[in-house]
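K.L.:
A predicted structure for the sequence below; I have some questions about it.
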Amino acid sequence: MDQCRAAVRDDATTATGEGAPVDDQQVDLQTAWQQIVEDLQPNQRAWLRPSVPMTLHENTAIIAVPNDFTRNQLEGRLRNHIEAALTEGFGREIRMLVTVNPALEDAPIDLVDETTDPHVALSTNVSMADPVAAPAAAESFDPSAGQAGAGERRPSALETRLNPKYTFETFVIGSSNRFPHAAAVAVAEAPGKAYNPLLVYGESGLGKTHLLHAIGHYVRSLYSNAKVRYVSSEEFTNEFINAIRDDRQDRFKRRYRDVDVLLIDDIQFLEGKTQTQEEFFHTFNTLHNANKQIVLTSDRAPKRLEALEDRLRNRFEWGLITDVQPPDLETRIAILRKKAAMDRLTAPPDVLEFIASKIQTNIRELEGALIRVTAFANLNRQEVDMTLAEIVLKDLIPEGGEPEITHALIIAQTAAYFGVSLEDLTGPSRGRHLVMARQIGMYLCRELTSMSLPQIGREFGGRDHTTVMYADRKIRQLLAERRAVFNQVSELTNRVKMQARQG
Ligand SMILES: Nc1ncnc2c1ncn2[C@@H]1O[C@H](COP(=O)(O)OP(=O)(O)OP(=O)(O)O)[C@@H](O)[C@H]1O
């Protein structure tokens, strides 16, 4: 249970309390649940394995199980034990609610999966009135109304899906991002009034998603009843396709047109998708006509989104277009300092400067390098110093620049390294060895490529982006806790890079 508690506490320190978005709580619950299952007797564990922690809503953890038998076991002799463990883990009293979802009989359970979508989850046999099932309808929203009164109803956290760590407070401002940051703040303070749309573009790992989420948090803190929706354009596309398939276009339209602030990440994925572009065009017009705020991010300037319809590109140019640049050295050092302080990582200033001097173009890699250095020191019970940092970074940054690394290379090398087939690595099987190999492969795709979470999920057998998010977070955590995992990840990273250099 100690590990469970640590996992929960780590995240709780950065969560935003009452309004904490469910994405993160969901991952916490997943971590806590895995630990609870691990701690059980082997015979109890066996039939609890297909259970899935769906969501934590206030003080109720909703657990889905495949059949009545498992539910009876959970609700019977295990209830006290589990509720005590959850209560200890989350530091507050947690009740368990068990729901039966027969689809889980053969669903993969290694990670948070599509089935954790709260809307899907709660359509099963929840046996008591459930507050999550009917999120509060947002009231009308008026930016000019200003600060919300205490105790007013917030829109459902389920609906916003914002990462609690991506706020303006945690965003370091430098010359590379001063302007997009200021524009983002202006838009959040006066949605639909300052610049509409706001479009932020720039290369991978430079903070576009962070800014988008920060806008969402800030709007929600200023206007308690604002409806904020964050979505990647890939998710938008997938939902649109599903809506057509299920003949639920009306619901889809309402979902995206009935919001006050729409935050759309990575619009470059709309390129070439004519029907989705058409739908998005109408969504855009409806929102814009109603003075609702639209914020977009892209990996390129709109004029370079060649496979996007002219009329959409033209709409994007109505508002403000601004770019994020790679940060200068001072900003990189400041980002590392902030990250170290937030995650309570100890590293002396010369080491932070050294890391910042070595990794120049991607903030995600910059953070990854700091985590690797501190994890290595932790595992070896050594102080973080320059010698140690040089050893770790030598592996991370090969002489002669970075070779191009593809997901195909990572998947092939991961399969070979763990001695499993490509089919198994990307397939549904959830043996322990396979799950770990798969999670490490996903983590490396996140670290070494600029692929988005949904893209990685797709390459690993069509898994949901939350599965990739969970894997990434879990491996980061294990890197600092388990020497075997650290060694495996380091060796595999070297192999992938060596192979990439050899072409
Ligand atoms: N200015 C900043 N201050 C603090 N952290 C930052 C800053 N910019 C980026 N980061 C961090 O770097 C990581 C990558 O940022 P983010 O995911 O927002 O990049 P992105 O531009 O959206 O990349 P991609 O296009 O690959 O999705 C995140 O952990 C984010 O918190």
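P.N.:
Thanks, I have the structure now. What you see is a predicted model, and the numbers here were worked out from it, not measured in a lab.

K.L.:
Contact residues of the stretch 251-400 of the chain facing the ligand?
P.N.:
299, 335, 363, 364, 367 (Cβ under 6 Å from any ligand atom). In this view, the C-beta of every residue, glycine as well, is placed from N, C-alpha and C.

K.L.:
Would you mind listing which of these are buried?
P.N.:
The neighbour count (16 or more other Cβ atoms under 10 Å) marks 299, 335, 363, 364, 367 as buried among these.

K.L.:
count of neighbours near residue 336?
P.N.:
By other Cβ atoms under 10 Å, 26 other residues sit near residue 336.

K.L.:
From here on, call the first residue 21.
P.N.:
Got it, first residue is 21 now, which makes that one residue 356.

K.L.:
pLDDT score assigned to it?
P.N.:
For residue 356, the model assigns a pLDDT of 97.

K.L.:
Could you measure from it over to residue 58?
P.N.:
34 Å (Cβ to Cβ, to the nearest Å).

K.L.:
So residue 257 sits against residue 292, correct?
P.N.:
No. In this structure, residue 257 is not within contact of residue 292 by Cβ atoms under 8 Å, at 10.5 Å.

K.L.:
Which one's more surrounded, those two?
P.N.:
residue 257 (20 against 10).

K.L.:
The more buried one belongs to a helix, doesn't it?
P.N.:
Yes. Applying DSSP: H, G, I helix; E, B strand; the rest coil, one finds residue 257 inside a helix.

K.L.:
So it versus residue 106, what's the distance?
P.N.:
From residue 257 over to residue 106 the distance is 36 Å, taken as Cβ to Cβ.

K.L.:
what does residue 438 give?
P.N.:
Taken as Cβ to Cβ, the span from residue 438 to residue 106 is 32 Å.

K.L.:
Name the residue in the two with the higher neighbour count.
P.N.:
Neighbours per residue, other Cβ under 10 Å: of residue 438 and residue 106, the larger number sits with residue 106, 27 against 18.

K.L.:
Outside of stretch 265-278 itself, list whatever touches it.
P.N.:
247, 249, 251, 256, 259-260, 262-263, 282, 299, 303, 306-307 (Cβ atoms under 8 Å, 6 or more residues apart in numbering).

K.L.:
Now name the helix or strand holding residue 84.
P.N.:
Following DSSP states H and E, one finds residue 84 within strand 80-85.

K.L.:
I'd like the distance from that strand to the chain centre, please.
P.N.:
Chain-centre distance of strand 80-85: 21 Å, with Cα atoms, centre = their mean, to the nearest Å.

K.L.:
and if you look at stretch 217-233?
P.N.:
With Cα atoms, centre = their mean, you get 15 Å for stretch 217-233.

K.L.:
What of stretch 427-438?
P.N.:
With Cα atoms, centre = their mean as the basis, stretch 427-438 stands 23 Å off its chain's centre.

K.L.:
Name the residues of it that are buried.
P.N.:
427, 429, 430, 431, 432, 433, 434, 435, 437, 438.

K.L.:
So which of those are in helices?
P.N.:
Of those, the ones assigned to helices by DSSP state H are 427, 429, 430, 431, 432, 433, 434, 435, 437, 438.

K.L.:
tell me the contacts of the third one?
P.N.:
Contact criterion Cβ under 8 Å, 6+ apart gives 461, 464, 465, 468, 469, 516 as the residues in contact with residue 430.

K.L.:
Quick check: the gap between the residue in the chain that the ligand sits nearest to and residue 356.
P.N.:
With Cβ to the nearest ligand atom as the measure, residue 227 is the residue of the chain nearest to the ligand, at 2.6 Å. Distance from residue 227 to residue 356, counting by Cβ to Cβ: 14 Å.

K.L.:
Same question for residue 497.
P.N.:
Per Cβ to Cβ, residue 497 is found 19 Å from residue 356.

K.L.:
What of residue 504?
P.N.:
Distance, residue 504 to residue 356, by Cβ to Cβ: 27 Å.

K.L.:
tell me which strands and helices the very next helix or strand once past the strand holding residue 84 is in contact with?
P.N.:
Per DSSP H and E, the first helix or strand lying C-terminal to strand 80-85 is helix 88-95. Here helix 88-95 touches helix 62-68, strand 80-85, strand 115-120, going by 3 or more Cβ pairs under 8 Å, 6 or more residues apart in numbering; DSSP states H and E.

K.L.:
hmm, 7 Å instead?
P.N.:
With contacts taken as 3 or more Cβ pairs under 7 Å, 6 or more residues apart in numbering; DSSP states H and E, helix 88-95 sits against strand 80-85, strand 115-120.

K.L.:
buried sites along the last one?
P.N.:
Right, strand 115-120. The neighbour-count check on strand 115-120 (16+ other Cβ under 10 Å) flags 116, 117, 118, 119, 120 as buried.

K.L.:
Make JSON lines from the residues you listed and add distance to residue 186 and pLDDT to it.
P.N.:
Shown next, in JSON lines, are the buried residues of strand 115-120 (distance: Cβ to Cβ, whole Å; pLDDT from 0 to 100):
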{"residue": "116", "distance to residue 186": "30", "pLDDT": "82"}
{"residue": "117", "distance to residue 186": "30", "pLDDT": "78"}
{"residue": "118", "distance to residue 186": "33", "pLDDT": "76"}
{"residue": "119", "distance to residue 186": "31", "pLDDT": "72"}
{"residue": "120", "distance to residue 186": "35", "pLDDT": "65"}
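
K.L.:
what's the closest of the residues you listed to residue 201?
P.N.:
residue 117 (41.4 Å; Cβ to Cβ).

K.L.:
so how far is residue 89 from that closest one?
P.N.:
Counting by Cβ to Cβ, the gap from residue 117 to residue 89 is 18 Å.

K.L.:
any idea which element the closest residue to residue 196 other than its chain neighbours lies in?
P.N.:
In this structure, residue 196 finds its nearest non-sequential neighbour in residue 345, 4.0 Å apart by Cβ to Cβ, 6 or more residues apart in numbering. Per DSSP H and E, residue 345 falls between elements, in no helix or strand.
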